[in-house]
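1. Need a 3D model of the following:
(one chain, ligands or ions: 2)
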Amino acid sequence: GDKWTYNGSEGEHHWPKHFPYCGGTFQSPIDISSGLLRFDPTLRPIEVQNYNLSPIEQLTLGNNGHSMQISLPSKMFISNLRHRYSAAQLHFHWGSSGQPTGSEHTVNRKQYAAEMHVVHYNSDKYPNISMAVDKSDGLAVLGVLIEVGEFNPAFEHFLKFISGIKYRDQKVQLPGFNIRALLPTRLDEYYRYDGSLTTPPCYPSVLWTIFRDHVTVSQKQFLGLATALYASYPQESAHTPLHSNFRKPQLVDSRVVLVSFKE
Ligand SMILES: NS(=O)(=O)c1c(F)c(F)c(S(=O)(=O)CCO)c(N[C@H]2CCc3ccccc32)c1F
Ligand SMILES: [Zn+2]
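-> Ligands and ions are numbered 1, 2, ... in the order given. Predicted coordinates for the structure are as follows:
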């Protein structure tokens with residue numbers, strides 16, 4: 001079932017009871033610490049294709065009770081990994097109005113205000129993400145760290161619709177826009193490791209790419225993200241605010257974190 005939360009009696013320490021992989025190995029997120037990093041000269045700049053969507057294209061912005069997500073057309077893909085990874089959706093993890101610390105991955109223990117994940121599946125081998133999600137070579141997720149700072153015009157393409165998805169399972173349509181504009185300028189500098197979904201069922205099926213450069217949103221934009229949504233259904237009397245939807249860093253064990261840059 002979908003009965004899991006980020007705190008309380010169904011919080012992350014309880015996930016393994018219903019979702020055994022959550023208590024397993026190769027879990028995400030992790031703290032990306034300098035001591036673990038190994039430069040890998042074979043790591044090429046990430047190449048994304050068809051990310052510049054026309055406004056005629058309609059996307060679905062939704063509140064699934066755990067995050068805010070945007071559905072993405074499978075014509076968008078990453079072209080220079082071992083297999084073609086086609087886009088499925090993007091979503092966010094964030095802190096709360098008083099706490100601009102809601103990223104899942106941390107860098108030398110620094111937690112950023114929020115984090116965006118662009119989820120892709122191996123479309124060479126699997127027909128859709130549901131068939132790929134539990135396979136070891138199934139998913140590739142691009143992670144973007146988000147700090148509070150300069151206003152980010154690209155985020156307005158969906159933040160201006162956020163009032164339409166206040167409650168769980170609400171969805172609105174939004175015009176396509178250039179998803180590339182949500183990524184940092186440099187796609188050649190990133191961290192790379194093998195990990196998992198950061199939510200139940202926590203399948204160890206994700207090739208993680210976390211860009212070194214962060215993007216910024218304004219304080220007002222961050223508050224919009226952190227305060228607009230509820231995890232509860234509209235008819236429920238107890239309105240449960242949706243915030244601080246991040247899993248804590250997991251054990252790295254014997255994993256190596258590769259980096260595409262030297263210093
Ligand atoms: N941080 S993360 O990238 O590991 C990650 C999430 F954090 C997250 F919340 C979701 S979800 O679908 O919004 C809700 C729970 O699956 C997904 N959804 C993925 C995983 C399963 C699935 C199936 C169909 C479409 C999207 C997804 C996810 F991959
Ligand atoms: Zn995520």
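2. The stretch 101-250 of the chain: strands as residue ranges?
-> 106-107, 110-111, 114-122, 139-148, 171-175, 190-195, 206-211, 215-217 (DSSP state E, counting those that start in this stretch).
3. and those as CSV, adding mean pLDDT, distance to E236 and mean neighbour count?
-> Where C-beta positions appear, they are placed from N, C-alpha and C, glycine not excepted. Listed next are the strands of the stretch 101-250 of the chain as CSV, based on pLDDT from 0 to 100; distance: least, CB to CB, whole Å; neighbours: other CB atoms under 10 Å:
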stretch, mean pLDDT, distance to E236, mean neighbour count
strand 106-107, 98, 33, 18
strand 110-111, 98, 30, 17
strand 114-122, 99, 25, 25
strand 139-148, 99, 29, 23
strand 171-175, 98, 18, 14
strand 190-195, 98, 33, 21
strand 206-211, 98, 32, 24
strand 215-217, 98, 29, 21
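4. Out of these, which gets nearest to W94?
-> strand 114-122 (4.0 Å; CB to CB).
5. that older thread, any chance of JSON lines for the strands of the stretch 101-250 of the chain, columns distance to D31?
-> JSON lines is the format used below for those (distance: least, CB to CB, whole Å):
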{"stretch": "strand 106-107", "distance to D31": "5"}
{"stretch": "strand 110-111", "distance to D31": "9"}
{"stretch": "strand 114-122", "distance to D31": "13"}
{"stretch": "strand 139-148", "distance to D31": "13"}
{"stretch": "strand 171-175", "distance to D31": "34"}
{"stretch": "strand 190-195", "distance to D31": "11"}
{"stretch": "strand 206-211", "distance to D31": "11"}
{"stretch": "strand 215-217", "distance to D31": "20"}
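6. Kindly report the residues of this protein close to ligand 1.
-> Listed as neighbours of ligand 1 in the chain under the rule CB under 6 Å from any ligand atom: 64, 66-67, 69, 88-89, 91, 117, 119, 129-130, 133, 141, 197-199.
7. Now find how far off-centre stretch 222-241 is within its chain.
-> 19 Å (CA atoms, centre = their mean, to the nearest Å).
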